[in-house]
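Peer 1: here's my sequence, what's the structure:
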Amino acid sequence: MKKTTDSAVRRQLKIGDVILENNVMLAPMAGVTDLPFRLICKELGAGLLCMEMVSAKAVHFNNKNTEALMEIHPEEMPVSLQLFGSDPAIMAETAARIEERPFAILDINMGCPVPKVVNNREGSALMKDPKLAGEIIYAVSHAVTKPVTVKIRKGFDDDTVNAVEIAQIAEANGAAAVAVHGRTREQYYSGKADWDIIRQVKQAVRIPVIGNGDVTDAVSAARLLEETGCDGIMVGRASRGNPWIFREINSYLDTGIVPERPSREEVCDTILKHARLQLDCKGEYIAVREMRKHVAWYTAGYPHSAKLRRMVNEMETYAELVAGIQKMFLESGVSHAERE
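Peer 2: All right, here's what the predicted structure looks like:
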């Protein structure tokens, strides 16, 4: 028990004046890390929840669709709200405008690889313009009192591997921490993440460095910490349909023991809870359609999961969704350990 307590204290992470209970975080993912999913991940041990990215311009021009993206529930705190944009003045004005909202940390997106963001000189495109990147970080960090962090990539492409330079610029301009995804923008999410670039960044700055990329389970999370010396772990795609990864990583880092994978009952209950949260937040029409992709992730690899996905894609009501999930899990007797 003493080992667990000491380890838990050791894994507390301070970002600015915010102290996280542990150093395992949910990465921001557009279309994934909405309020319902964040609440699930919080319950299962995520130390920090990162919200879907929000356009600073959209907030600046009072776009109504961004309001739902910024909804925060008291039970999920602490939360990191992520802005993206390329205009330092608009980024700063937006940051100051929303600071009263109950997020703990404000993150600047300099890692998004999608064309519609990059083509606007936003997201990972900012890594090609270190001067502008520094101006944005300075403007935002001086516009708010809350800690400002920056999420970056290894570089834009193999000819522009400059994560160390951008991290140093971030530190010099007021960032309280930096998260590094070990892939370039050109890689998107393919190939192997370069953990050595995370190690280089850690050695180059004094602020906390969060490692991201190819953390798929508890063992890989521990290996990332060991090989890079980074201060925290950010889990992205591996959490989709698998929020238990936070519980497993925390257990392994604290005790050296990976808990058993969830039973079929727990998986079923979690999917249904996720669906209820979606229903409460977004109404039946959107909730059922949003759950289609989540059900596909939750059930990937199960026997007959392809059939279930086809069924779910045809469902129109919450009642149909519940009945389909219960039929698969409670009548088939398939356990989580029996994935194909």
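Peer 1: quick one, strands of the stretch 51-200 of the chain?
Peer 2: Remark: strands assigned in the stretch 51-200 of the chain by DSSP state E, counting those that start in this stretch are 54-55, 79-84, 105-110, 148-155, 177-184.
Peer 1: how far off centre is the first one?
Peer 2: When you say that, I think you mean strand 54-55. 15 Å (CA atoms, centre = their mean, to the nearest Å).
Peer 1: that strand packs against which elements?
Peer 2: helix 65-69, strand 79-84 (3 or more CB pairs under 8 Å, 6 or more residues apart in numbering; DSSP states H and E). For every residue, glycine as well, the C-beta is placed using N, CA and C.
Peer 1: quick one: contacts of it?
Peer 2: 63, 66, 69-70, 81-85 (CB atoms under 8 Å, 6 or more residues apart in numbering).
Peer 1: list only buried entries from those.
Peer 2: Applying 16 or more other CB atoms under 10 Å to the contacts of strand 54-55, the neighbour count classes 66, 69-70, 81-85 as buried.
Peer 1: from those residues, pick the one nearest Ser124.
Peer 2: Checking the buried ones among the contacts of strand 54-55 against Ser124 with CB to CB, the nearest one is Phe84 at 10.1 Å.
Peer 1: okay, stretch 167-183 in PDB with CA atoms only?
Peer 2: Below are the C-alpha coordinates for stretch 167-183, written out as PDB (Å, rounded to 0.1, in the frame of the first residue of the first chain):
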ATOM      1  CA  ALA A 167       8.700  24.100 -27.600                       C
ATOM      2  CA  GLN A 168      11.500  26.500 -26.600                       C
ATOM      3  CA  ILE A 169       9.500  29.300 -28.300                       C
ATOM      4  CA  ALA A 170       6.500  28.200 -26.300                       C
ATOM      5  CA  GLU A 171       8.300  28.300 -23.000                       C
ATOM      6  CA  ALA A 172       9.900  31.700 -23.800                       C
ATOM      7  CA  ASN A 173       6.500  33.200 -24.600                       C
ATOM      8  CA  GLY A 174       4.700  32.100 -21.500                       C
ATOM      9  CA  ALA A 175       3.500  28.500 -22.000                       C
ATOM     10  CA  ALA A 176       3.100  26.500 -18.800                       C
ATOM     11  CA  ALA A 177       3.500  23.100 -20.600                       C
ATOM     12  CA  VAL A 178       3.800  21.600 -24.000                       C
ATOM     13  CA  ALA A 179       2.400  18.300 -25.400                       C
ATOM     14  CA  VAL A 180       4.300  16.600 -28.200                       C
ATOM     15  CA  HIS A 181       2.900  14.200 -30.700                       C
ATOM     16  CA  GLY A 182       5.800  12.200 -32.100                       C
ATOM     17  CA  ARG A 183       4.500  12.300 -35.700                       C
END
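Peer 1: among the helices and strands packed on strand 54-55, which comes closest to Lys202?
Peer 2: For these, the distance to Lys202 is smallest for strand 79-84, at 19.6 Å, taking CB to CB.
Peer 1: quick check: mean pLDDT of stretch 102-121?
Peer 2: The pLDDT scores in stretch 102-121 average 95.
Peer 1: cool, and stretch 74-81?
Peer 2: Here the average pLDDT along stretch 74-81 is 96.
Peer 1: over to stretch 324-340?
Peer 2: Mean predicted confidence for stretch 324-340 is 61.
Peer 1: do the same with stretch 257-266
Peer 2: 91.
Peer 1: one step back: Gly174: which of the contacts of strand 54-55 is nearest?
Peer 2: Here the nearest of the contacts of strand 54-55 to Gly174, counting by CB to CB, is Leu83; it sits at 14.7 Å.
Peer 1: the closest residue to the closest one other than its chain neighbours and Arg153: what is the separation?
Peer 2: Of all residues not flanking Leu83 in the chain, Ala56 sits nearest, at 4.9 Å (CB to CB, 6 or more residues apart in numbering). Applying CB to CB, to the nearest Å, the value for Ala56 to Arg153 is 20 Å.
Peer 1: higher neighbour count, the two?
Peer 2: Each of Ala56 and Arg153 has its neighbours counted (other CB atoms under 10 Å); Arg153 has more, 33 against 29.
Peer 1: dig out what that one forms beta bridges with.
Peer 2: The partner list for Arg153 in beta bridges (DSSP bridges) reads His181.
Peer 1: let's have the chain start at 3 instead
Peer 2: All right, first residue 3 from here; so that's Arg155.
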